[in-house]
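*Asks:* Quick one, structure for this:
(one chain, ligands or ions: 1)
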Amino acid sequence: MTPRLTTLDGLPKGVARPGYLPSAHGVGIVHLGLGAFHKAHQAPYTDTALAVAAGDWRIAGVSLRSPKPTLQLGPQNGLFTLIERDSKGSRARVIGAIARALCLGPDRAAVMDALTAPATRIVSLTVTEKGYGVDRSTGGIDRGHKAIAHDLLHPDAPIGVAGLLILALGLRRAAGVAPFTVLCCDNLPDNGALVRGLLVDFARHAAPDLADHIAAEVAFPATMVDRITPASTEATRAAARQMTGCLDEAAVEAESFCQWVIEDHFPTGRPAWEAAGALFVSDVRPYEEMKLRMLNGAHSMLAYAGFMAGHAHVADVMADRALARLVHRHLGAAAATLPPLPDVDLEAYAAALMGRFANPHLRHATFQIAMDGTEKLPQRILAPAVAALEAGQPIDAFAFATAAWMRYVRGMREDGTAHDLRDPREEALRAALADTPAETVRALMALPGLFPRALRDSASWTAAVTGRLERMLAQGMKAAIAEEDRA
Ligand code: CS2
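*Replies:* Numbers count the residues shown, from 1 in each chain. Here you go, the predicted model:
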């Protein structure tokens, strides 16, 4: 019988393993959102930092809802296989940085112990864009967000990010323990300031005496995180089993490329992530904008257009010549909206992205990227569209991406079968669908807090989106792509 991955002993030679003794290092980080991206990004960075510079920086991982991560990692002593894939092939690496896996529901007391422990100096987060409950038009809390609404009513038994962090920061302060640094690792614009605004506003409502303390004493460094990480599947676990000779329920796979740009503001210390290649800078914003507008913007465009054109995976999209040219056009249009970054060649970055998207060894589903469009569009597509409009640059690429999203929002493939939308505003989206493309565009653009005023007020933007949506609906996505490519 194949043994479960529980120890580093006996792993095959070709499998990389931690360059340190995991049990010799204490926990210094609590991570909220124990999903594939954390396991493929911050965990391996920390693994390398521990090997190079030691320290008590292992991670207590917390899943806010799903018990799955605990069931997968618990019996494996936190060990899991990361399979890194690129054009040269695939390599397996066992990661030892995760010391414990907890699930908030059943493990509430242990989660609070970890969050309030003096040894915990960083709380990092990957809870996806929709996990925070920020009202992006005000920067404060969104009272309609389920976890925010719950936590305002039950501040002593929170289920969401804001409620948990405020409770923990309050307990630390009362005990005379320094606050932890809050490290947001989600693809949100100015993510440190965004979470800071959320927590300060939540505190104003739930624990007013903490608001000033948080604003003045808690550090929220901004980050840009990057690694393409498809959702794990049975094939991921089968590959891990084949490579390690062990059953690994927690295996993840990702591209070999990895990037982390971090604002260096950690008053109570941090792991030596630079040992693993992280870049510490004083201003993350230009890197973040580059990544959100180019990588993520092109990703969203190709996910909607690709899914509707029948492409299940990103690599299939890149094999579709016409659509690949539109991906390239999108990257160029997004790059044109960015200020120059010293040491970064945007053309080379775009070329590298084309190669990463085409990675034939990754099965990255367009349907995965398509989810949560209302949370992603503003920073990926709409902000650069506004910048392009204001600078008098072409808006075609952004209008095409927006129309493709609107086509996707109909919830119906071209063969007439339904598909899920998987968007927190799904109900409002469905209610906005109208009889004509022009009415649909108008209704979707009128959804509160989604489209910036500059776009809503622009006749040329509205016409550019409407014309494209009309074509997509009347002629099909493939014809719309061909037409766009010819233009
Ligand atoms: C993708 C990202 O699912 C998505 O929306 O665009 O997860 C993307 O793969 C990562 O940001 C890459 O770093």
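*Asks:* Flag every residue of the stretch 301-450 of the chain that's near the ligand.
*Replies:* Within the stretch 301-450 of the chain, the residues that sit near the ligand (CB under 6 Å from any ligand atom) are 368-369, 376. For the C-beta atoms, the positions are set from N, CA and C on the backbone; glycine is no exception.
*Asks:* Tell me which of the residues you listed fall in helices.
*Replies:* 368-369, 376 (DSSP state H).
*Asks:* Turn the residues you listed into JSON lines, including distance to P286.
*Replies:* Below are these laid out as JSON lines (distance: CB to CB, whole Å):
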{"residue": "Q368", "distance to P286": "27"}
{"residue": "I369", "distance to P286": "24"}
{"residue": "K376", "distance to P286": "20"}
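*Asks:* What is the nearest of those to the ligand?
*Replies:* I369 (4.0 Å; CB to the nearest ligand atom).
*Asks:* got a list of what that closest one touches?
*Replies:* Going by CB atoms under 8 Å, 6 or more residues apart in numbering, I369 touches 299-300, 302-303, 314.
*Asks:* Can you say which two of these are spatially most distant?
*Replies:* Taking CB to CB as the measure, the contacts of I369 span a maximum distance of 11.5 Å, between S300 and V314.
*Asks:* could you pull out the helices for the stretch 151-300 of the chain?
*Replies:* Remark: helices assigned in the stretch 151-300 of the chain by DSSP state H, counting those that start in this stretch are 161-174, 191-206, 208-217, 234-244, 285-290, 297-308.
*Asks:* what about the residue lying closest to P118 once chain neighbours are set aside, neighbour count?
*Replies:* Excluding the flanking residues, the one nearest P118 by CB to CB, 6 or more residues apart in numbering is V177, at 4.9 Å. For V177, the neighbour count with other CB atoms under 10 Å is 16.
*Asks:* Let me see the confidence value for V177.
*Replies:* V177 is assigned 98 on the pLDDT scale.
*Asks:* A216 versus that one, what's the distance?
*Replies:* Applying CB to CB, to the nearest Å, the value for V177 to A216 is 16 Å.
*Asks:* now swap in L353 and tell me
*Replies:* According to CB to CB, L353 stands 40 Å off from A216.
*Asks:* try G133
*Replies:* Distance, G133 to A216, by CB to CB: 23 Å.
*Asks:* before we move on, the earlier item: may I see the residues of the stretch 301-450 of the chain next to the ligand organised as JSON lines, with pLDDT added?
*Replies:* Below are those laid out as JSON lines (pLDDT from 0 to 100):
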{"residue": "Q368", "pLDDT": "98"}
{"residue": "I369", "pLDDT": "98"}
{"residue": "K376", "pLDDT": "98"}
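*Asks:* pull the CA atoms of stretch 87-97 into CSV?
*Replies:* Below are the C-alpha coordinates for stretch 87-97, written out as CSV (Å, rounded to 0.1, in the frame of the first residue of the first chain):
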residue,chain,number,x,y,z
SER,A,87,8.5,24.0,-20.5
LYS,A,88,11.5,21.9,-19.2
GLY,A,89,9.2,19.6,-17.3
SER,A,90,8.0,19.1,-13.8
ARG,A,91,9.7,19.0,-10.4
ALA,A,92,8.5,18.0,-7.0
ARG,A,93,9.3,19.8,-3.8
VAL,A,94,8.1,18.9,-0.3
ILE,A,95,7.4,22.0,1.8
GLY,A,96,7.8,22.0,5.6
ALA,A,97,6.9,25.5,6.4
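*Asks:* what kind of secondary structure is G105 in?
*Replies:* coil (DSSP: H, G, I helix; E, B strand; the rest coil).
*Asks:* List the residues that contact I262.
*Replies:* Contact partners of I262, counting by CB under 8 Å, 6+ apart, are 183, 221-224, 273, 278-281, 284.
*Asks:* Would you indicate which residues of stretch 450-458 are buried?
*Replies:* 450-452, 455, 458 (16 or more other CB atoms under 10 Å).
*Asks:* of all those residues, which comes closest to D264?
*Replies:* P452 (31.5 Å).
*Asks:* That closest one and the ligand: what is the separation?
*Replies:* 20 Å (CB to the nearest ligand atom, to the nearest Å).
*Asks:* Run a quick check on that residue versus V386, I expect a contact.
*Replies:* Yes - under the criterion of CB atoms under 8 Å, P452 makes contact with V386 at 5.2 Å.
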